[in-house]
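Asker: Predicted coordinates and the sequence they were generated for:
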2 protein chains.
Amino acid sequence: MIKVTRYAENPLIVPKDVQPSRPDFEVIGAFNAAVAQYQDETILLLRVAERPLQEAGELRVPVYSVAKQKTEIIQLKPSDFDVSDSRIVAPKDGRSDFRYLTSMSHIRCARSRDGVHFTVDDHPFIYPHNEYETYGLEDPRCTQIGDTYYINFSAVSERGICVELVTTKDFRSYQDEGVIFLPDNKDVAIFAGKASDRYWALNRPMAPSTGNLDVWISSSTNLHDWGHHQRLFGGSVQGWDDGRVGAGMPPFLTQAGWLEIYHAANQQNQYGLGAILLDRDNPAKIIARNPDPIMMPHAQYETDGFFGDVVFTCGGVVAGDELTVYYGAADTRMAAAKLSLNEVMSGLQVIA
Amino acid sequence: MIKVTRYAENPLIVPKDVQPSRPDFEVIGAFNAAVAQYQDETILLLRVAERPLQEAGELRVPVYSVAKQKTEIIQLKPSDFDVSDSRIVAPKDGRSDFRYLTSMSHIRCARSRDGVHFTVDDHPFIYPHNEYETYGLEDPRCTQIGDTYYINFSAVSERGICVELVTTKDFRSYQDEGVIFLPDNKDVAIFAGKASDRYWALNRPMAPSTGNLDVWISSSTNLHDWGHHQRLFGGSVQGWDDGRVGAGMPPFLTQAGWLEIYHAANQQNQYGLGAILLDRDNPAKIIARNPDPIMMPHAQYETDGFFGDVVFTCGGVVAGDELTVYYGAADTRMAAAKLSLNEVMSGLQVIA
């Protein structure tokens, strides 16, 4: 088993560290953050989940109104829906996964000089503002190419779950770049550099036809238009990853190829992290993979929370042999752990 | 109501006109054809559906094996599955739409000098041969750009339903161009020309999260990589199109903008055709739409068949004011009808 050194300071950010975007909301999650190195700071692009303050027995859900340009609170009758999953309000007829979400997420910056102690901005960085975002923005990833940071995230609305792209150069303002992956898709991780003169991205389409939930790889000449889609890898039939897989950190180049730290869930919805190595010139080719997880939920801040038993990474920092994985714990808070890159590599088994 | 003149010769092609690809298969459908004008011929790129000959009570499904490079017949126990829909073999747990298809489709050319009398090729033009195609190829569309014909179709496999592209210049051989839309997506129609210096395509992603089944529009610089995805239109809440919508013919340019003849189904799975007009320079903008269908299943060859009550177009021919719509009837056979373009246009209501 690979040695995982969790930070003694964990969790690094918890919901109460985050000021709600309005006084009648409470922050219930600050998790699944993208990671950027900007000037002398480590920036976490937090997914901040908020919900309207409510009394027991109430079901009040937040929805952004494009027409009114503000978030509204919709009052529902709990008995009209299936509310057995704390994250969603589902129709009773089972014709879709959800009708509403119980919380709305936006993206907020937390900034640090040492990568351990973070100060969370008072205001959202990216807040829902178009028809694809009415239920919120989730699970960002950030890839630096030149002096531009490409930030992608799941945009959730009644249109489904699409993936949008924005760019920034200063983490104060950003530019909308539109929908880059059609619904339903999520967990898009853009490679930190080109291979064979194209940009590459992992992504995870959801196919209702066959129930397929695998990681695919796509490529692009311009980071906006994506094609040459190929199915890359799935989970196992029985094991820690027999439920679903999805990209985690943006893949980064090592001497042996592109290393990807991804997440997988088993059928009991326990989320761990895995490692897979892709060919330097053709990342659609798998070189090696660790059949076992490199990290599973274990600490109490990982096992207990809004949705427990989850470690889920959207980014990290590589410095020499040291890989710092920032991760969301139990869909509630942020934590970090250090791993040896050499140890991660030595756990990989070559795929013939 | 717009006048629709069905061909007196309808149906133009029926399953028994098509030689099966192997002697132990029977052709059960020759329908939903793409249309091309090539030299002095009209070519229909038929979707030919075949299934293994079988006795009553048997359930034998065709699946292409990539490893063995041939189609195999898999024997199933009918009682293990939900076979209430004649098109699919579904899991009883409802976790996916299907596990297998009851037939496998490939693409076959039928050629005609007069657009009415067709001779069907003896052999498939495009037959399953990769991991995305193991359950077959369905519902092609063909768009001519310069002297190259771009043919896209749904590729069905356990990976889901993706959209692949091939190109041809002679309708004898073709070149694979890969997966252009991730699963699940279908009904891709590439515009017959550029707008604002980009190529455009309608497509219909399927979002299990919210159950959304709307038409989206995407654009491209090279016909391979697609982006700037925008949701374009959906069906009505109650009406002929309250079940789902999807693109039909590749949109073609008129003086008023891009005209698209699309299909829609109501909740009883009755499929008709509609008309919508898109802005010449920005096809993501709807100019006008006919709230009523321009054609509904009516003739017996449209109401009775493998899957009845269906008119479904993948292509047509425009000559002056005359729009010839070729269409699949009842998921079984091909037919054609003539409409006046002026009449179609005058049925459109401007969208403010």
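Answerer: On my side now, so go ahead. Numbers count the residues shown, from 1 in each chain, chains lettered A, B, ... in the order given.
Asker: What sits closest to the residue most central in space within chain A if chain neighbours are left out?
Answerer: For chain A, the residue sitting closest to the mean C-alpha position, by C-alpha atoms, centre = their mean, is residue A:139 at 3.0 Å. Leaving out its chain neighbours, the residue that sits closest to residue A:139 by C-beta to C-beta, 6 or more residues apart in numbering or on different chains is residue A:32, at 4.7 Å. Any C-beta I mention is one placed from the backbone N, CA and C, and that applies to glycine too.
Asker: repeat for residue A:285
Answerer: Closest residue to residue A:285 apart from its sequence neighbours, by C-beta to C-beta, 6+ apart: residue A:279 at 4.0 Å.
Asker: quick one: contacts for the one you found?
Answerer: Going by C-beta atoms under 8 Å, 6 or more residues apart in numbering or on different chains, residue A:279 touches A:257, A:258, A:285, A:286, A:287.
Asker: Give me the distance between the residue nearest to the centre of chain A and chain B.
Answerer: Distance check for residue A:139 against chain B: by C-beta to the nearest C-beta, to the nearest Å, it reads 14 Å.
Asker: Remind me which helix or strand that residue belongs to.
Answerer: Assessed by DSSP states H and E, residue A:139 sits inside strand A:136-145.
Asker: after that strand, next one along is what?
Answerer: strand A:148-157.
Asker: Let me know the pLDDT of the nearest residue to residue A:77 once chain neighbours are set aside.
Answerer: Closest residue in space to residue A:77, ignoring its immediate chain neighbours: residue A:59 at 7.0 Å, by C-beta to C-beta, 6+ apart. Here, the pLDDT recorded for residue A:59 equals 91.
Asker: With chain B as the reference, measure out to residue A:59.
Answerer: Plainly put, residue A:59 is 18 Å away from chain B if you go by C-beta to the nearest C-beta.
Asker: One more: residue A:288?
Answerer: Going from residue A:288 to chain B by C-beta to the nearest C-beta gives 21 Å.
Asker: One more: residue A:257?
Answerer: From residue A:257 to chain B the distance is 22 Å (C-beta to the nearest C-beta).
Asker: Enumerate every residue touching that residue.
Answerer: For residue A:257, the contacting residues are A:277, A:278, A:279, A:280, A:283, A:287, by C-beta under 8 Å, 6+ apart.
Asker: OK, now which residue of the stretch 1-150 of chain A is nearest to chain B?
Answerer: Nearest to chain B in the stretch 1-150 of chain A, going by C-beta to the nearest C-beta, is residue A:96, at a distance of 3.4 Å.
Asker: Touching, that residue and residue B:209? I think so.
Answerer: Yes - contact criterion C-beta atoms under 8 Å: residue A:96 and residue B:209 qualify, at 6.5 Å.
Asker: quick one: the helices in chain A?
Answerer: Remark: helices assigned in chain A by DSSP state H are A:300-303, A:341-346.
Asker: okay, those, which one's buried deepest?
Answerer: A comparison of the helices of chain A by mean neighbour count, using mean count of other C-beta atoms under 10 Å in any protein chain shown, puts helix A:300-303 on top with a mean of 19.
Asker: Need the contact partners of that helix.
Answerer: Residues from elsewhere that reach helix A:300-303 (C-beta under 8 Å, 6+ apart): A:10, A:11, A:297, A:308, A:309, A:310, A:311, A:329, A:330, A:332, A:333, A:335.
Asker: switch the cut-off to 6 Å
Answerer: Residues from elsewhere that reach helix A:300-303 (C-beta atoms under 6 Å, 6 or more residues apart in numbering or on different chains): A:11, A:297, A:309, A:311, A:329, A:330.
Asker: and what of stretch A:98-105?
Answerer: Identification of contacts with stretch A:98-105 by C-beta under 6 Å, 6+ apart yields A:28, A:47, A:49-51, A:61-62, A:88-91, A:135-138.
Asker: Return the member of these nearest to residue A:347.
Answerer: Taking C-beta to C-beta as the measure, residue A:347 sits nearest to residue A:47 out of these, at 28.6 Å.
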